[in-house]
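1. sharing a model that was predicted from the sequence below.
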Amino acid sequence: MAQTYLIINYSITITVLLVMVCYVQSHWLVRAETHQPFFVPKQSGETESIPPESTEIIQRVPLPSGLILEVANGCAVLRAADGEVLARNSRVVRGMDPDDLCPADGFVQAKAVDSGFELQNQLCSGWFLITEIMTFAPATDGYALAGFSVAYTDRRTAEPVGPPRVLTSKEFGARPFNDLNPDDLYLLLK
């Protein structure tokens with residue numbers, strides 16, 4: 001009797017686990033078919049004021065213009081040499097997947113290039129890893145997006161899925177650094 005009870009309990013537990021795994025896998029496949037990153041946007045004002053004692057600077061990059069690019073607390077900040085904040089954008093620095101389904105999600109690096117700078121993020125979308133690169137160049141009123149590229153890699157094989165997709169300012173128009181939402185650019189890639 002006790003053995004029958006244990007077998008029934010194990011069967012029910014295994015069935016429930018299989019249903020859960022199948023649901024998660026089908027959810028991933030739907031996201032993979034859209035080829036768009038999945039993330040939860042930050043709340044407005046979340047990074048507007050960063051108390052000095054809680055600032056976690058991930059990277060500080062001196063730019064050729066004399067400005068400093070800092071990535072801290074999920075936000076990219078352009079500062080003058082004296083520390084004054086000139087522009088900030090929390091949408092260009094990607095965070096972790098809120099469901100923790102992909103530990104590869106998030107900001108990768110910032111670097112100075114030519115007369116501007118570049119931000120690189122890695123995102124997960126189903127079976128794909130997406131490497132997202134935004135290149136910014138000096139504009140009349142700060143910095144503006146000069147190029148946007150995404151490269152898809154199949155996580156199962158670690159092989160690229162086609163060549164990187166690249167957009168230039170001819171395709172997306174004027175996009176100032178502080179107003180840029182990279183999610184809008186994915187619509188232009190279709």
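-> Alright, I've got the coordinates.
2. from now on I want contacts and neighbour counts done on CA atoms only, so please keep to that.
-> Noted.
3. give me the three-state assignment for the closest residue to residue 163 other than its chain neighbours.
-> By the measure of CA to CA, 6 or more residues apart in numbering, the closest residue to residue 163 outside its immediate chain neighbours is residue 151, 6.9 Å from it. With DSSP: H, G, I helix; E, B strand; the rest coil as the basis, residue 151 sits in strand.
4. so what's the residue nearest the centre of the chain up against?
-> Computing the C-alpha centroid of the chain and ranking residues by CA atoms, centre = their mean puts residue 94 first, at 3.1 Å. Contacts for residue 94 (CA atoms under 8 Å, 6 or more residues apart in numbering) come out as 74, 105, 106, 107, 121, 122, 123.
5. export the helix or strand encompassing the fourth one as PDB, just CAs?
-> Assigning secondary structure by DSSP states H and E places residue 107 in strand 106-113. Once side chains and other backbone atoms are set aside, the C-alpha atoms of strand 106-113 remain, and they are given as PDB (Å, rounded to 0.1, in the frame of the first residue of the first chain):
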ATOM      1  CA  GLY A 106      23.400  42.400 -19.900                       C
ATOM      2  CA  PHE A 107      26.000  45.000 -20.500                       C
ATOM      3  CA  VAL A 108      29.300  43.800 -22.000                       C
ATOM      4  CA  GLN A 109      31.600  46.900 -22.500                       C
ATOM      5  CA  ALA A 110      32.000  50.500 -23.400                       C
ATOM      6  CA  LYS A 111      34.900  51.800 -25.400                       C
ATOM      7  CA  ALA A 112      36.100  54.900 -27.200                       C
ATOM      8  CA  VAL A 113      36.100  54.700 -31.000                       C
END
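6. next, the buried residues of it.
-> Neighbour counts using 16 or more other CA atoms under 10 Å place 106, 107, 108, 109, 110, 111, 112 of strand 106-113 among the buried residues.
7. was I right to think the first one contacts residue 95?
-> This points to residue 106. Yes. Counting by CA atoms under 8 Å, residue 95 is a contact partner of residue 106 at 4.4 Å.
8. A helix includes residue 138, no?
-> No. Assessed with three-state DSSP, residue 138 is strand; it does not lie in a helix.
9. quick one: contacts for it?
-> Residue 138 is in contact with 115, 116, 144, counting by CA under 8 Å, 6+ apart.
10. go on, residue 164?
-> Contacts of residue 164 (CA under 8 Å, 6+ apart): 149, 150, 151, 152.
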